[in-house]
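Q: Requesting a structural model of the entry that follows:
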Amino acid sequence: MHDEAPPGPGRGAVRASILREKAAMKRTGAYAISVLLASSGIPLGLVGSPQAEAVGRTYYVSPVGSDGNSGTSPAKPFRTIQKAADNTAPGDTVSIMNGTYKEKPGGSDVVAISRSGRTGAPITYRAYPGQHPVINAVAAWNGIRINGASHIVLRGLEIKGNSANISLKDAEQGASATKPTYNTNCVSVEKDRKSGARPHHIDIVGNTVHHCPGGGIGAGYADYVTIDHNNVYANAWYSVFANSGISILAAQDIDQGDPSKYKIRFTNNIVHDNESKVKWGHCHCYSDGNGIIIDTLKDKAKAGATGPDYNGRVLVANNVTYNNGGSGIHSFKSQHVDIVHNTAYQNGRSTRMNSYANIYAQDSKDVQLFNNVSYSRPNQPTNSTYGNNDVTYDYNLYYGGKAPAVKGRHDVIANPKFVAPGTDGAPGFRLAKGSPGIGSGKPLPQVTTDIAGARRDAGTADRGAYVFNTVKDAATPAATAAPGGTESAGKGTGTNSAASGGDSSAKGDGNDAKANGTGGDLAETGAGVALPLGLAAMALALGGGIFLVLRRKRS
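A: Residues are numbered from 1 along each chain as shown. Presented below is the predicted three-dimensional model:
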């Protein structure tokens, strides 16, 4: 559990895991998952399968405590999170108090979680009420590593790396697959390297995950993963494993996978400024640095992974991704994925590699992309048809960048009229009065709330991560160029921009029925419990983000 080893999964990650497994020098970035969005109805594809936290023992941790204490009261806390993790049983909670927690000298992780909860009694790691602990990995492989454990909840924590103290020059000269300093993952969810136990029922909710040189939140060979209401930013800069902000790689069913039910959910996250600035060791080229990637759930052997194709369904909904080096969101070599109600703004920031599209699927099967708002950088790809089978784009709103490679019948090319993109964080990506995204989407009964917990109208649908609120969102839209951006929302310099703000898809373009799929309603949620709106709002307030997995290079 405390053995020194490279990090967990991610595009590069699982690969890492995978590649590590094969004696290749890769590392798998682990990913944690979490639950929490909620509306009251069960078809709430957005809400993960929240794990009810059974009443068990609570262990307390403080940097001024002692691992010789009982750890069972705030007055006698343990000193290290690892001590608490090594004592937990199903239903227990680890309550982490104010302070900064770092790895022991030479340690592989700040904390490695190997003990599992069980159905109805997960083990929960959370901030002590009203406090703000920081898990700070400086020279470890991981901040938090979930090592083959299951029924684990991470909630309300800040996990950060040391990228702010590393220069690009030092990383370019010193980064290698054997140096954790340049490859630290914030949160890594991976199978146990000795027993082969695969993690499942992992909830990563309401965390802030940032400045890890490796992945933000990553999971490999995992199942039933929920990553919800996290703030994930400034990760993946210096790793040689081609990481991203949030990633799942080579997911593996622990039961009979059903493509009609969601088992993996990435919902309500804010993901930005993740970018690969160092070459991926596998090809000595730049790769990834995406906001969110669903990576290699099928054809695994071709990517050096093992195991059968993943047959559960994946939901990616209500996320805001902006200024990432690679894509905002995409499915690569994957299947049974729904990417809906997301907002992606000026991703593809990296000048080191050929630009990825903003929101898209590639080499994928049975993927639906509905109700997304995609604002691309000038002359960059908007979406993709490459290698796809039964992939449907429709009801999306595109602006900037090149003309879409494929356009659904209800796709619109027009200025989305954001309130204040790039100047007010995620809230700035709300739709302003007069936006063509208001009321023009496809109602999806599985997605009943937006990223902020506001209820979506059952009869009409606003495109993107936020619903339009006539009181809060009626402001006149500001110029929509993010810091460093060159495109004005009013002028639309991209080749597919519509200066008039009209729907250029109204007449059809010969490619307007579907992307190369049939499209249809979304899946069942597979969720047993829907959380109340108040809890969803609380999760959002906590903010958060975690870690990400490695990934492999797309063609």
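
Q: any low-confidence regions in the stretch 51-200 of the chain?
A: Applying pLDDT under 70 to the stretch 51-200 of the chain picks out residues 52-54.

Q: Please repeat the previous calculation with a cut-off of 80.
A: Filtered on pLDDT under 80, the stretch 51-200 of the chain yields the residue ranges 51-55.

Q: All the helices of it, in order from the start?
A: Using DSSP state H, counting those that start in this stretch, the helices found in the stretch 51-200 of the chain span residues 81-85, 168-174.

Q: list the buried ones in the longest one?
A: Buried residues in helix 168-174, defined by neighbour count with 16 or more other Cβ atoms under 10 Å: A171. For every residue, glycine as well, the C-beta is placed using N, CA and C.

Q: and that helix, what other elements does it pack with?
A: Identification of packing neighbours for helix 168-174 by 3 or more Cβ pairs under 8 Å, 6 or more residues apart in numbering; DSSP states H and E yields no helix or strand.

Q: So that it lines up with my notes, have the first residue be 24 from now on.
A: All set: I'll call the first residue 24, so the last point we hit is now helix 191-197.

Q: what's it in contact with?
A: Outside helix 191-197, the residues that touch it by Cβ atoms under 8 Å, 6 or more residues apart in numbering are T204, Y205, P236, W260, Y261, K300, V301.

Q: For the third one, give me the pLDDT.
A: At P236, the model reports a pLDDT of 98.

Q: Which residue ranges of the stretch 274-423 of the chain form strands?
A: Assigned by DSSP state E, counting those that start in this stretch, the stretch 274-423 of the chain shows strands spanning 285-290, 293-295, 315-318, 336-340, 343-345, 352-355, 358-363, 366-368, 382-385, 388-393, 396-398, 412-417, 420-422.

Q: most neighbours, which of the contacts of helix 191-197?
A: P236 (31 neighbours; other Cβ atoms under 10 Å).

Q: check contacts around the residue nearest to it when sequence neighbours are not counted.
A: Spatially, and ignoring its direct neighbours in sequence, P236 is nearest to Y261 (3.9 Å; Cβ to Cβ, 6 or more residues apart in numbering). Y261 makes contacts with S186, I189, L191, A194, A198, Y205, N206, P236, G237, K300, V301, as judged by Cβ under 8 Å, 6+ apart.

Q: element containing Y261?
A: Using DSSP states H and E, Y261 is not contained in any helix or strand.

Q: Any stretches of the stretch 374-523 of the chain with poor pLDDT?
A: Filtered on pLDDT under 80, the stretch 374-523 of the chain yields the residue ranges 446-447, 493-523.

Q: so R141 touches A112, yeah?
A: No: using Cβ atoms under 8 Å, R141 is not in contact with A112; the gap is 9.4 Å.

Q: next one: stretch 171-188 to chain centre, how far?
A: Taking Cα atoms, centre = their mean, to the nearest Å, the mean C-alpha location of stretch 171-188 is offset from the chain mean by 13 Å.

Q: quick revisit: return the closest of the contacts of Y261 with respect to H433.
A: The closest of these to H433 turns out to be K300 (Cβ to Cβ; 38.1 Å).

Q: And the closest one, how far from S211?
A: In this structure, K300 and S211 are 20 Å apart, going by Cβ to Cβ, to the nearest Å.

Q: and which of the contacts of helix 191-197 is nearest R478?
A: Nearest to R478 among the contacts of helix 191-197 is W260, at 37.8 Å by Cβ to Cβ.

Q: which residues touch the closest one?
A: S186, I189, L191, A194, P236, E298, S299, K300, V301.

Q: Return the member of these nearest to I271.
A: S299 (17.8 Å).

Q: and that closest one, how many neighbours?
A: Neighbours around S299, by other Cβ under 10 Å: 30.

Q: And the nearest residue to it once chain neighbours are set aside, its phi and psi?
A: With sequence-adjacent residues excluded and distances taken as Cβ to Cβ, 6+ apart, S299 is closest to G312, at 3.6 Å. With angles defined as degrees, to the nearest 10, G312 sits at phi 70, psi 40.

Q: show me what contacts G312?
A: Counting by Cβ under 8 Å, 6+ apart, G312 has contacts A259, A265, N266, S267, N297, E298, S299, K300, N347, G348, G349, S373.

Q: Closest one of the contacts of Y261 to Y333?
A: G237 (23.3 Å).

Q: W164 touches C209, doesn't it?
A: No: contact status for W164 versus C209: not in contact, 11.0 Å apart, counting by Cβ under 8 Å.

Q: Comparing those two, which shows the higher neighbour count?
A: Neighbour count, other Cβ under 10 Å: between W164 and C209, C209 has more, with 40 against 28.

Q: wait, doesn't T472 sit right on D480?
A: No: using Cβ under 8 Å, T472 is not in contact with D480, being 11.1 Å away.

Q: Between those two, which is the more surrounded one?
A: Ranked by neighbour count (other Cβ under 10 Å), T472 and D480 place T472 first, with 27 against 13.

Q: Any idea what the more buried one is bridged to?
A: R478 (DSSP bridges).

Q: Could you measure from it over to A481?
A: T472 is 12 Å from A481, by Cβ to Cβ.

Q: Now do the contacts for E181.
A: By Cβ under 8 Å, 6+ apart, the neighbours of E181 are H155, P156, V157, I158, N230, T231, V232, H233, G567.

Q: Drop anything exposed from these.
A: Applying 16+ other Cβ under 10 Å to the contacts of E181 flags P156, V157, I158, N230, T231, V232, H233, G567 as buried.

Q: roughly how far apart are the third one and H224?
A: Translated: I158. 21 Å.

Q: Identify the residues contacting the closest residue to D322 other than its chain neighbours.
A: Counting by Cβ to Cβ, 6+ apart, K356 is the residue found nearest to D322 once chain neighbours are left out, at 5.6 Å. Each residue near K356 by Cβ under 8 Å, 6+ apart is listed here: D318, T319, L320, K321, D322, K325, A326, Q385, D386, S387.

Q: between the contacts of Y261, which is nearest K425?
A: For these, the nearest to K425 is K300 (24.8 Å; Cβ to Cβ).

Q: Need the per-residue pLDDT for the closest residue to that closest one other than its chain neighbours.
A: Computed as Cβ to Cβ, 6+ apart, the closest residue to K300 that is not its neighbour in sequence is W260, at 4.8 Å. pLDDT for W260: 98.

Q: Then the one 4 residues further on?
A: On pLDDT, F264 comes in at 96.

Q: tell me, how many neighbours does N159 end up with?
A: What N159 shows, counting by other Cβ under 10 Å, is a neighbour count of 18.

Q: What's the separation between it and V232?
A: 12 Å.

Q: Overlap of the contact sets of the two?
A: K183.

Q: Show me the contact partners of stretch 95-110.
A: With Cβ under 8 Å, 6+ apart as the test, stretch 95-110 has contacts from 80-90, 92-94, 117-120, 124, 127, 133-138, 148, 151, 158.

Q: and the end-to-end length of it?
A: End-to-end distance for stretch 95-110: 11 Å, by Cα to Cα, to the nearest Å.

Q: repeat for stretch 200-210
A: 18 Å.

Q: same check, this time on stretch 343-362
A: 12 Å.

Q: re the thing from before, reformat the contacts of G312 as CSV; add distance to L454.
A: Listed next are the contacts of G312 as CSV, based on distance: Cβ to Cβ, whole Å:
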residue, distance to L454
A259, 29
A265, 34
N266, 31
S267, 27
N297, 25
E298, 27
S299, 31
K300, 33
N347, 21
G348, 26
G349, 25
S373, 28
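
Q: In helices only, show me these.
A: With helices defined by DSSP state H, no entry of these lies inside them.
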